[in-house]
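Peer 1: my questions are about this predicted structure, shown below with the sequence.
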Amino acid sequence: MSIGNLSWRWPWLPVLALVLAMAFGLLAYRKARRGKPDQEPEARVWTLSSDLDTEEGHEALRRWRRLNRCAAILLSLALLMVLSLAARPARVDRTLEQGHNRDIVLCLDVSGSTLPYDRQVIASYLDLVRNFRGERMALSIFNSTSRTVFPLTDDYDMITAELSKARRILDGVQSQDRIDAMSGRQYQDISDWLEGTQNRRDTTSLIGDGLVGCAALLPQFAPKDHSGPAKADQRSSSLILATDNVVSGKPTYTLEEALKLTSAAGITVDGLYSGPDQGTGDESTRQMQRLIEASGGIFLRRQDGNSINALVRRIEHRHGADPRQQEQSSLVDAPGWWTLALALALSGYLLLAWRLKR
């Protein structure tokens, strides 16, 4: 049942209440009539007519009747408001919501050559979280094998908590002096956090394999010949790879092969160098930059002052400046004015009832 923009979710409830009230009233009336004697012999009657037959008495009686009628009206209004609230008045709430149809995977190299610098990369990830709203994010860490820290989610409180925890844990491995000063509990925390990333012997820092493991968190990614271009209705995806590209061992996928797989799946990969300052000019770093940029991504160094801001601007530009807008309609309870009217009517009735008792 609706009137204009206002509707009642349970319109049958006040009707049922009125029917029950009338039924109980009729039953009480018949019971009272049945129990009343037809005649009361020699009944003695007293009257106040003579006491009220004065000017002051007539005025007091008229005032009492006026207050009594007002109290009855206010009580009726209060009961009407109660029935209206019981029917759950509601309105249609139409809002224009903005949503980002995007998935972002943060892919972190935790091998020995990058571990002392990973805390700074984690801080960069926290900057990304502060800049994005509405996207789904995931974090995967890798060395010889990969581990998912958290899957794709838009729970930013959880994301911030996990990244803050990782930054705290990695605080003790930024230098040899801090490593030497670590307690047993700190060693255990780091070991627990890195568990699952070193499951292959005599092999570390498999960049291509780590990238494929991170890409596997995205719904449209499939290895080898099963991958294909992204469909128009799929969420756009980007992957941020933080590594120094120093490989130790024989990987299943090279970085170039992994980038071909992600490109075929429509996933954009951006690179963030996370290694010592003296390694920025190494061939491995230049190779990583060439491959990332050739696949359509951007390459940034951790030491650049505006790296994260530049990365955010490029990703925003790549996926469009304006987020998707969608009108959402929902039926929400609207008891506001009805509750206020009930409070006023009930307060007025109680005030008049107190006045009538005097």
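Peer 2: Looks like it arrived, so ask away.

Peer 1: most centrally placed residue in the protein?
Peer 2: Asp155 (6.3 Å; Cα atoms, centre = their mean).

Peer 1: which residues of the stretch 151-300 of the chain score low on pLDDT?
Peer 2: For the stretch 151-300 of the chain, residues meeting the criterion pLDDT under 70 lie at 222-234.

Peer 1: helices along that one, start to end?
Peer 2: With DSSP state H, counting those that start in this stretch as the criterion, the stretch 151-300 of the chain has helices at 156-169, 176-180, 184-194, 207-215, 255-264, 283-294.

Peer 1: by contact count, what packs against the fifth one?
Peer 2: Read that as helix 255-264. Contacts defined by 3 or more Cβ pairs under 8 Å, 6 or more residues apart in numbering; DSSP states H and E place helix 255-264 against helix 207-215, strand 267-273, helix 283-294. For every residue, glycine as well, the C-beta is placed using N, CA and C.

Peer 1: could you export the ones you listed as a markdown table, including distance to Tyr253 and mean neighbour count?
Peer 2: Below are these laid out as a markdown table (distance: least, Cβ to Cβ, whole Å; neighbours: other Cβ atoms under 10 Å):
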| stretch | distance to Tyr253 | mean neighbour count |
| --- | --- | --- |
| helix 207-215 | 4 | 25 |
| strand 267-273 | 13 | 26 |
| helix 283-294 | 12 | 16 |
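
Peer 1: same list (those) but as TSV, adding distance to Asn199.
Peer 2: Shown next, in TSV, are the helices and strands packed on helix 255-264 (distance: least, Cβ to Cβ, whole Å):
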stretch	distance to Asn199
helix 207-215	11
strand 267-273	24
helix 283-294	24
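
Peer 1: Arg88 is nearest to which of the ones you listed?
Peer 2: When the helices and strands packed on helix 255-264 are compared by Cβ to Cβ, strand 267-273 sits nearest Arg88, at 47.3 Å.

Peer 1: hmm, who's touching stretch 182-200?
Peer 2: 110, 141-147, 166, 169-170, 172-173, 204, 206, 249 (Cβ atoms under 8 Å, 6 or more residues apart in numbering).

Peer 1: and of those, the nearest to Leu126?
Peer 2: For the contacts of stretch 182-200, the nearest to Leu126 is Ala166 (9.7 Å; Cβ to Cβ).

Peer 1: per-domain residue ranges of this protein.
Peer 2: 59-88+335-358, 103-319 (automatic domain parsing).

Peer 1: just the ones you listed: most buried one?
Peer 2: Ranked by mean neighbour count, those are led by domain 103-319 with a mean of 18 (mean count of other Cβ atoms under 10 Å).

Peer 1: on that earlier part again, now for the contacts of stretch 182-200, which pair is the farthest apart?
Peer 2: It's Gly172 and Gly249 that sit farthest apart of these, by Cβ to Cβ, at 26.4 Å.

Peer 1: same list (the domains of the chain) but as CSV, adding distance to Val15.
Peer 2: Listed next are the domains of the chain as CSV, based on distance: least, Cβ to Cβ, whole Å:
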stretch, distance to Val15
domain 59-88+335-358, 9
domain 103-319, 44
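
Peer 1: please name whichever of the ones you listed is nearest to Arg33.
Peer 2: Nearest to Arg33, of those and by Cβ to Cβ, is domain 59-88+335-358 at 23.0 Å.

Peer 1: which helix runs longest in the protein?
Peer 2: If you go by DSSP state H, the chain has its longest helix at helix 55-86.

Peer 1: now that one: how far from the chain's centre is it?
Peer 2: 49 Å (Cα atoms, centre = their mean, to the nearest Å).

Peer 1: part of a strand, is Arg147?
Peer 2: Yes: membership of Arg147 in a strand is supported by DSSP: H, G, I helix; E, B strand; the rest coil.

Peer 1: can I assume it is in contact with Ile141?
Peer 2: Yes: using Cβ atoms under 8 Å, Arg147 is in contact with Ile141, at 5.5 Å.

Peer 1: mind checking how far Ser111 is from Leu61?
Peer 2: Distance of Ser111 to Leu61, computed by Cβ to Cβ, to the nearest Å: 98 Å.

Peer 1: typo on my end, it should be Leu128
Peer 2: Where Leu61 is concerned, Leu128 sits at a distance of 80 Å (Cβ to Cβ).

Peer 1: ok, now Val82?
Peer 2: Distance from Val82 to Leu61, by Cβ to Cβ: 31 Å.

Peer 1: cool, and Val173?
Peer 2: Computed as Cβ to Cβ, the Val173 to Leu61 distance reads 93 Å.

Peer 1: and what of Tyr125?
Peer 2: 82 Å.

Peer 1: also Phe299?
Peer 2: 95 Å.

Peer 1: got a list of what the closest residue to Gly271 other than its chain neighbours touches?
Peer 2: In this structure, Gly271 finds its nearest non-sequential neighbour in Ile292, 3.8 Å apart by Cβ to Cβ, 6 or more residues apart in numbering. Contacts for Ile292 were tallied using Cβ under 8 Å, 6+ apart; they are 241, 259, 269-271, 298-299.

Peer 1: over to Leu83?
Peer 2: 13-14, 17-18.
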